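In: fold the following.
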Amino acid sequence: MLSVVANPEGDVLHIHGDVAGLLRLEREVRRLRELAERGECEDGHLLSESWGAGDLTETMLSNEQVNGWRQVHHVKVFGWSAEWSNRHGLSPTAP
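Out: Numbering: from 1, shown residues only. All right, here's what the predicted structure looks like:
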């Protein structure tokens, strides 16, 4: 299970994951990190089944449903090298 939901305003994101779902997310992030470390900038996609894959499950907590949260069906993760992030005006500082 890997479920991603956003609040009605779109400024808060919740990620719900069991071990398998978190491992899927971790593998994708690791793949992109390894590419970025080599200076290669790629992206990855996590999609729900209704959007063409089975990476994301389509479930949310009942309190999220009643408060108008929305299911996220497509998560696109970008891996940026320092050079590319600077070139595109993204902050070079790490969190």
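
In: gap between the most centrally placed residue in the chain and W51?
Out: Among the residues of the chain, the one closest to the centroid is V75, at 4.3 Å (CA atoms, centre = their mean). From V75 across to W51, the span is 10 Å (CB to CB, to the nearest Å). C-beta coordinates here come from the backbone N, C-alpha and C atoms, glycine included.

In: do A36 as well
Out: Using CB to CB, A36 is found at 25 Å from W51.

In: more crowded one of the two?
Out: A36 (18 against 15; other CB atoms under 10 Å).

In: now the more buried one: which helix or strand?
Out: helix 19-37 (DSSP states H and E).

In: pLDDT (mean, whole number) over stretch 30-48?
Out: Here stretch 30-48 scores 94 as its mean pLDDT.

In: how about it: buried residues?
Out: L32, L35, A36, C41, G44, L46, L47, S48 (16 or more other CB atoms under 10 Å).

In: picking up where we left off before, how about the residue nearest to the centre of the chain, what does it touch?
Out: V4, H45, L46, L47, D55, L56 (CB atoms under 8 Å, 6 or more residues apart in numbering).

In: check the residues you listed and tell me the two furthest apart.
Out: V4 and H45 (12.4 Å; CB to CB).
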